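S.K.: Structure of the sequence below:
(chains A, B, C and D)
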Number of protein chains: 2
Amino acid sequence: MVDVATRAGVSLKTVSRVVNNAPHVQPELVERVLAAVAELGFRRNHLASSLRSGQATATIGLLIEEIANPFYATIAGTAAEVARQRGTMLIIASSEEDPARERQLLRDMCARRVDGLLVVPAGDDHSFMRAEVELGTPVVFLDRPAGGLLADTVLLDNRGGARAGVRRLVEAGHRRIGILLDSIGVYTMRERLDGAQDALAPAGAPYDTRLVRDGVRDPAAAARVVSELLDRPDPPTAFFSLNNRITLGVVEELHRRGSDAALLGFDDFDMASLVPYPLTVIAYDTRELARTAAELLFRRIEGDRSWPRTVVLPTKLVDRGIPPR
Amino acid sequence: MVDVATRAGVSLKTVSRVVNNAPHVQPELVERVLAAVAELGFRRNHLASSLRSGQATATIGLLIEEIANPFYATIAGTAAEVARQRGTMLIIASSEEDPARERQLLRDMCARRVDGLLVVPAGDDHSFMRAEVELGTPVVFLDRPAGGLLADTVLLDNRGGARAGVRRLVEAGHRRIGILLDSIGVYTMRERLDGAQDALAPAGAPYDTRLVRDGVRDPAAAARVVSELLDRPDPPTAFFSLNNRITLGVVEELHRRGSDAALLGFDDFDMASLVPYPLTVIAYDTRELARTAAELLFRRIEGDRSWPRTVVLPTKLVDRGIPPR
DNA sequence: AGAGATTCGGACAACGTTGTCACCATGTGA
DNA sequence: TCACATGGTGACAACGTTGTCCGAATCTCT
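M.R.: So this is what the prediction gives:
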């Protein structure tokens, strides 16, 4: 900047003014400065700029579980888009469901003085962030609530969605329903399971814990579990898979066996209509989830100091057919 | 930091030393400083730190087309992982295929003094980055080459892959092959098209431009084009779709019609085995593409000043059946 | 013509950190 | 006893910007 000033024959401060297009600079000087900037290839140092001016690094942090997962990729894409509209950059990191790693990454983002944080929580205790939040870094949690910290949160109606879906199964006459889930440790899974119970109880359907299988991490495992359940003396007549990775494996196995069991899945996916099996799903708008959270975050960044909100977005049952029992 | 120093009864500099765990500080003082840090909730300002110490913001930039696209999401995930292993954060932005936007985003990342850039180029002239590169910001291009700039590049063997795939179609007796592509303006599409020609020419197969359709942007468009081509008096007996979004639409239409045309697609996808159609694809390892590029970038960041390299990664033909003509 | 207002440039300090250097104790060897 | 390392500490300046303030030049009005 000094070099630019020398070259243009003005003071340092004038260059600063031109670069920030502040008012009250002679057009002629502006021109000379801009010429010098171009000649010397000057680019303002954003670090120094936001160090001096206090706040506004024009950067927000996004912490998710796993970037490559389409759900999180959609969230990231939407967040990036909202950020771009605000002239803000996005730092992304993935916690891989590891609370220690989550903590370290959040610390690191704070050290970088991000203007705000968008977090899909991995651990269940976020009280360690209280200091940062009180110091003025806005945080919005999405998809899952934070533990031990009052903050803005945007969730899906997991329980209501599962309830509605399972109710449809029950209405079609199903009573023995195999339920496959990733990990009971995850909030969304617990909610979905609760929703299923909500729908089963009034139908007087036995909530048979032998039909509920935890720890189904991938399609192959899902296929194995389905196979196992179908080989029981009293096999389930319907399946409810609690996420789309599991659904994939279930479809594969049901299709392979030519089974006529009903299948309900949480999470829609692109190719659902191509899948060789009638697949009813509980869908939701991932982009809206992310957009809502990001916009809430920016409102906070812009100074909104109102009481923390929790927004719950609806889910929708997409019925592609449920074979009756 | 001043507050911490006061509280611990030491000088500013000693706090700095402790925070950076520099040697030659009395264990007792270290303890006192750490206590003060904990009590005051001090967190070192990364901005100021990297401003003062010159380089090393411990941040790299990734510029891709569209985060939500699974291909780029995989790249982003892999890049984030490599970065994390190096204690580096990742800034992600998407150009949405807009050269102007690409340019602005790259400038912005440079202004933030990233340690290096990973770029999937959108425009075809990147000479505007020469100044930055010469100033010492390493850049690695991936998936597509940069225009007008000598830099490290990691590519896929698009042409070779397409050639091998189409050769298989030709071997199975196909001569009239419908080719659907997104946009001839994109490097990868041109290469794949060239590969197809490579395989068709020696077979004496007519390269019938009426069977080549550009501008197929989404599955629905692909389905329409397939329908149109099949309704010709001399319909193609095989289709080659140049990306997976297109493949999706082609599968849908072929399946709908109960057609027995052969289908070859560029890009593998998760559910390929579930698709209700024998689908042979040209696959590649996206993670390896990203990992290679990211590791190359970090070698540069660590000081490697050797001549820029171009790495071409192989593709693999995954044969899930090709109906003969 | 003089007083006040307006416009614009520049000197200076500060943001929070770290590199440089000098200093003060010790301990060590001649 | 004296020089001389050595380990431990702090004062100071600097990184590249921008906010504050002062003052010079110009304009406006009576």
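S.K.: so what's the backbone phi/psi at A:R305?
M.R.: According to degrees, to the nearest 10, the main-chain angles of A:R305 amount to phi -120, psi 20.
S.K.: So A:R192: helix, strand or coil?
M.R.: The three-state label for A:R192, taken from DSSP: H, G, I helix; E, B strand; the rest coil, comes out as helix.
S.K.: Spit out the contact partners of it.
M.R.: When contacts are counted by C-beta atoms under 8 Å, 6 or more residues apart in numbering or on different chains, A:R192 is found next to A:N158, A:R159, A:G161, A:A162, A:L181, A:L242, A:F266. In short, each C-beta sits where N, CA and C put it, glycine included.
S.K.: Check A:V37 too.
M.R.: If you count contacts by C-beta under 8 Å, 6+ apart, A:V37 has them with A:V4, A:V15, A:V18, A:V19.
S.K.: try it again with 7 Å
M.R.: A:V37 is in contact with A:V4, counting by C-beta atoms under 7 Å, 6 or more residues apart in numbering or on different chains.
S.K.: List the buried residues for the helix or strand hosting it?
M.R.: Assigned by DSSP states H and E, A:V37 falls within helix A:27-40. Neighbour-count burial for helix A:27-40, with 16 or more other C-beta atoms under 10 Å in any protein chain shown as criterion, is recorded at A:L29, A:V30, A:R32, A:V33, A:L34, A:A36, A:V37.
S.K.: Also stretch A:115-126?
M.R.: So for stretch A:115-126, counting by 16+ other C-beta under 10 Å, buried means A:D115, A:G116, A:L117, A:L118, A:V119, A:V120, A:P121, A:A122, A:G123, A:H126.
S.K.: beta partners for the fifth one?
M.R.: In other words, A:V119. Note on A:V119: beta-bridge partners by DSSP bridges are A:L63, A:F141.
S.K.: Rounded mean pLDDT for stretch A:23-36, please.
M.R.: Summarised as a single mean, pLDDT over stretch A:23-36 is 88.
S.K.: Just checking it against DNA strand C, any contact.
M.R.: Yes: Stretch A:23-36 reaches DNA strand C (C-beta under 7 Å from any atom of the strand) through A:P23, A:H24, A:V25, A:Q26, A:L29.
S.K.: which phi and psi does the fourth one have?
M.R.: Backbone geometry at A:Q26, expressed as degrees, to the nearest 10, gives phi -60, psi 130.
S.K.: dump the residue contacts of A:G148.
M.R.: Taking C-beta under 7 Å, 6+ apart as the contact definition, A:G148 lies against A:D125, A:H126, A:S127.
S.K.: Please repeat the previous calculation with a cut-off of 10 Å.
M.R.: Counting by C-beta atoms under 10 Å, 6 or more residues apart in numbering or on different chains, A:G148 makes contact with A:G123, A:D124, A:D125, A:H126, A:S127, A:F128, A:M129, A:R130.
S.K.: Correct me if wrong: A:A201 contacts A:Y207.
M.R.: Yes: taking contacts as C-beta atoms under 10 Å, A:A201 lies within contact range of A:Y207: 7.1 Å.
S.K.: Please check the contacts of A:R192 and keep the buried ones.
M.R.: Applying 16+ other C-beta under 10 Å to those flags A:N158, A:R159, A:G161, A:A162, A:L181, A:L242, A:F266 as buried.
S.K.: Give me the pLDDT for A:R210.
M.R.: Checking the pLDDT column for A:R210, the value is 91.
S.K.: quick one: stretch A:85-97 near DNA strand D?
M.R.: No: no part of stretch A:85-97 sits near DNA strand D under the criterion C-beta under 7 Å from any atom of the strand; the closest distance found is 14.0 Å.
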